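Participant: predicted coordinates and the sequence they were generated for:
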Amino acid sequence: VMHSIKKTYPGKSAHAIYEKVDAEMGRIAEKYQLDYESDEAKRTGKVSKMGATGTYACHDGHVEVHLKFPMLMPGSMRQKVQEDIDKKLTGLFG
């Protein structure tokens, strides 16, 4: 099951967005004990655990997040993860 989130931040550079997303994803990975890899040069990152993966790519003015969940993961849990990430991204520069 795949889900995508795109958030726009007009006037923000890819690097500025990456710094914020990287810090936020680091906290989320720690909270949920996820494996986390990031690549500052490419402004991308990936979290994963037990078949669930989340990747992001930061560009000038926006970030794209792609979530992939195992079929056996309950829909309510997928929804909670999506809402949590959406909320964090919405408040990124707030």
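Facilitator: Perfect, thanks for sending it. Numbering: from 1, shown residues only.
Participant: all strands of this protein, in order?
Facilitator: For the chain, the strands defined by DSSP state E occupy 2-8, 35-39, 44-49, 52-59, 62-68.
Participant: Lys6 and Glu64 touch, don't they?
Facilitator: Yes - with contact defined as C-beta atoms under 8 Å, Lys6 and Glu64 form a contacting pair (5.0 Å). Backbone N, C-alpha and C define where each C-beta goes, glycine included.
Participant: rewinding a little: list just the one of the strands of the chain that sits closest to Gly94.
Facilitator: strand 2-8 (11.7 Å; C-beta to C-beta).
Participant: in its sheet, which strands sit next to the closest one, and in what direction?
Facilitator: strand 62-68 (antiparallel) (DSSP bridges).
Participant: export the strand it pairs with to PDB, keeping only CA atoms.
Facilitator: Extracted in PDB, the C-alpha atoms of strand 62-68 (Å, rounded to 0.1, in the frame of the first residue of the first chain):
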ATOM      1  CA  HIS A  62       8.500  21.700  -1.600                       C
ATOM      2  CA  VAL A  63       9.100  18.200  -0.100                       C
ATOM      3  CA  GLU A  64       7.700  14.900  -1.300                       C
ATOM      4  CA  VAL A  65       7.200  12.000   1.000                       C
ATOM      5  CA  HIS A  66       6.300   8.400  -0.100                       C
ATOM      6  CA  LEU A  67       5.100   5.900   2.400                       C
ATOM      7  CA  LYS A  68       4.900   2.200   1.700                       C
END
